[in-house]
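A.B. asks: Just a sequence and a predicted model for now, questions to come.
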Amino acid sequence: MTTTPLPGHPHFALRDGELFAEHVRLQDLARDHGTPLFVYSKGAMLAALAAYQRGFAGRKAQICYAMKANSSLGVLQVFAQAGCGFDIVSGGELERALAAGAKGGDIIFSGVGKTRAEMRRALEIGIGCFNVESEAELEVLSEVAVAAGQVAPVSIRVNPDVDPKTHPYISTGLKGNKFGVAHERTVHAYQRAASLPGLKVVGIDCHIGSQITEDEPYLDAMDRVLDLVQAVEAAGIALHHIDFGGGLGINYNGDQPPAADALWAKLFAKLDARGFGDRQFMIEPGRSLIGNAGVCLTEVLYLKPGEQKNFCVVDAAMNDLPRPAMYQAYHGIVPLSRGGDQPQTYDVVGPVCESGDWIGRDRALAVKAGDLLAVLSAGAYCMSMASNYNTRGRAAEVLVDGARTYLIRERETAADQMRLERPAF
Ligand SMILES: *Cc1c(COP(=O)(O)O)cnc(C)c1O
């Protein structure tokens, strides 16, 4: 038997020309559960987590999985059982984290628009930390905490304003976007936080963007954050932890992001040099823990040759895989079994009635109707962003662990979709 690893996808491989996740043949999963179908490898998730764990060996650190990347309960359970905390951005995510077995103290709450109700609920379950994004939010959170007879643990998310010219792909750590408290306002905001009766300052937080594939933005941001730690502590406010956010990229199309352990070796070299190496750290990785641990299986419905383009119409669509339509993102697409036909160039498109409904453009594929394809790198920001547009039920999801498979989400039916609606007449 010849085994060829799938580039960028640990625990996925071609065996004698057929694609496997761990010990499970993907054709079998498609046959048993239908398509479109998301398949996740537990081994790949744990391998991605292990790279961070190696990077933090011997340090005080907590890894909080940023669950907006993929918030399916079965996925959360894997990370909870492996000792992760969770970074949440809504009250809904809070309930999911609890349902997956997380303890309140292992959850941190990020996001620019927390409501009072979300704050109350988070206090009730003993949230580990609120990552506060504005001075207005500090005031409201203090009010809510005082009314509840509690003290809210807070970090302030700072905007390190890392130079956009050298790192244009950073999208959340710049002046002029909605996230975080401006660099210049940071000490002032901390003084305000320290003076409010309902708050207890516990840390500092930043998150500079997503799909970051180089070290430099992180090293730059770390310097800016440490400058702020010094300034805040010089003002007499102690910071117990430093939360350095998420954002590490994955290989979608030959991208070569640093490995998490290599990146953290560099970051700790800087931290040690500046005397911060023994602090308590937190990180909030999402995509890099789950993105390349998942694929989406889809069936070719029709081949539609044309004068300018050939189309390969598949049964997955922008409601299942929103990233190409949203940000022209690239996903690899490979057949589940290697065919003998001559490859042709296709745009791979879904059935949704929008020209923006495409999954891949100008792909060389040797396929015919009825063949199965895997859309790669589909673990992050696919299912969690899926919608019911065109009244398409959301896909089913399977978790693979060695030779075992778990159906972690059933395929959504039309009845499921209409359950909350009431006919007007
Ligand atoms: C989305 C998000 C993350 C995770 O980002 P990834 O690019 O998926 O690692 C972490 N922290 C915050 C505050 C986020 O909004």
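C.D. replies: Looks like it arrived, so ask away. Fair warning: this is a prediction, and the values are worked out from it, not measured in the lab.

A.B. asks: Verify the stated contact: residue 56 with residue 285.
C.D. replies: No - checked against Cβ atoms under 8 Å, the pair residue 56 and residue 285 is beyond contact range at 11.5 Å. Where C-beta positions appear, they are placed from N, C-alpha and C, glycine not excepted.

A.B. asks: Identify the contacts common to those two.
C.D. replies: residue 63 (Cβ atoms under 8 Å, 6 or more residues apart in numbering).

A.B. asks: Mind checking which of these two has more residues around it?
C.D. replies: Set residue 56 next to residue 285 and count neighbours by other Cβ atoms under 10 Å: residue 285 wins out with 24 against 17.

A.B. asks: separation between that one and the ligand?
C.D. replies: Between residue 285 and the ligand the computed distance is 5 Å (Cβ to the nearest ligand atom, to the nearest Å).

A.B. asks: what do you get for residue 123?
C.D. replies: In terms of Cβ to the nearest ligand atom, residue 123 sits 20 Å off from the ligand.

A.B. asks: Tell me which helix or strand comes right after whichever helix or strand that residue is part of.
C.D. replies: Using DSSP states H and E, the element containing residue 123 is helix 116-124. Where DSSP H and E defines the elements, the next helix or strand beyond helix 116-124 is strand 129-132.

A.B. asks: Could you spell out the sheet neighbours of that next one, each with its direction?
C.D. replies: strand 107-109 (parallel), strand 152-159 (parallel) (DSSP bridges).

A.B. asks: Helices along the stretch 51-200 of the chain, start to end?
C.D. replies: 73-81, 91-99, 116-124, 135-147, 186-195 (DSSP state H, counting those that start in this stretch).

A.B. asks: a markdown table please, covering these and showing mean neighbour count and mean pLDDT.
C.D. replies: Formatted as a markdown table, those follow (neighbours: other Cβ atoms under 10 Å; pLDDT from 0 to 100):
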| stretch | mean neighbour count | mean pLDDT |
| --- | --- | --- |
| helix 73-81 | 20 | 98 |
| helix 91-99 | 18 | 98 |
| helix 116-124 | 18 | 98 |
| helix 135-147 | 18 | 98 |
| helix 186-195 | 18 | 98 |
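
A.B. asks: Can I get those helices in TSV including distance to residue 319?
C.D. replies: What follows is the helices of the stretch 51-200 of the chain, written out as TSV (distance: least, Cβ to Cβ, whole Å):
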stretch	distance to residue 319
helix 73-81	19
helix 91-99	19
helix 116-124	27
helix 135-147	33
helix 186-195	40
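
A.B. asks: what separates the closest residue to residue 151 other than its chain neighbours from residue 336, distance-wise?
C.D. replies: In this structure, residue 151 finds its nearest non-sequential neighbour in residue 200, 4.9 Å apart by Cβ to Cβ, 6 or more residues apart in numbering. In this view, residue 200 and residue 336 are 53 Å apart by Cβ to Cβ, to the nearest Å.
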